[in-house]
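A.B. asks: With the sequence up front, the predicted model follows.
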Amino acid sequence: MAKELWQQEADWLSLLRSGDHNAFAQFIDKYKELVFLCCRRLGLREDEAEDAASETFLAAYKALRRYGGRAELSTWLWSIAYRQAVNYLRKNRRQWQLEVEPDEEIPSNKEQGPAAALQAEEQQEIVWQAVDRLPRLWAMAVVLYYREEKSIADIAKIMQAKENTVKTYLFRGRERLKQMLGRAFGEASDVTR
């Protein structure tokens, strides 16, 4: 079964490399949410994310022939999206810095509800709202590690940073989240997978 999937991916990649427009349309459909997530995590507004996503898919189309398969296709595309979003920010915004977002109140979730699943879902939403308030690079590392389940090595490739830098972003992001979520949940919180 795994061999069949691998062969299907290889066939699909061959079609992509040959310039098949239908295969590329499928490629866009399959990965558009991933690309938009990357762009939004770097702080681009919806219209800016659309521009950066278009640039991402154009760059991917041009580079598909050089894709060597050393990383997963999604990791390779995420790294292109990351570079395109950063380039967009550098070109179109004068101040792209590692700054903490305004310290807004995170909604509290101290209410006891009858449905534990609903409560867990609400807590997860609160955690991701907190992640959105982290400095951009910390948030990106946290999203890639916890939501996208990328390895430190893959994140380092995507962010074009050293692995130790990624570990620092993750550490600082988790520490800041503990502070923010401790206030929201009324206790010390820990970020886990």
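C.D. replies: Alright, I've got the coordinates.
A.B. asks: What score does residue 75 have for pLDDT?
C.D. replies: pLDDT recorded at residue 75 is 87.
A.B. asks: so how many other residues sit close to the nearest residue to it once chain neighbours are set aside?
C.D. replies: Spatially, and ignoring its direct neighbours in sequence, residue 75 is nearest to residue 154 (4.9 Å; Cβ to Cβ, 6 or more residues apart in numbering). The C-beta positions use only the backbone N, C-alpha and C, and glycine is treated the same way. Neighbourhood size, residue 154 [other Cβ atoms under 10 Å]: 21.
A.B. asks: So residue 154 sits against residue 71, correct?
C.D. replies: Yes. With contact defined as Cβ atoms under 8 Å, residue 154 and residue 71 form a contacting pair (6.5 Å).
A.B. asks: Would you mind finding the longest helix in the chain?
C.D. replies: With secondary structure taken from DSSP state H, the chain has its longest helix at helix 163-185.
A.B. asks: and the strand or helix carrying the residue nearest to residue 75 with helix 163-185, angle?
C.D. replies: Under DSSP states H and E, the secondary-structure element containing residue 154 is helix 152-159. Interaxial angle, helix 152-159 versus helix 163-185 (axes from the mean of the first three to the mean of the last three Cα atoms, to 10 degrees): 100 degrees.
A.B. asks: who touches the closest residue to residue 172 other than its chain neighbours in this structure?
C.D. replies: Nearest residue to residue 172, sequence neighbours excluded (Cβ to Cβ, 6+ apart): residue 138, at 5.6 Å. The contact partners of residue 138, taken as Cβ atoms under 8 Å, 6 or more residues apart in numbering, are 169-170, 172-173, 176.
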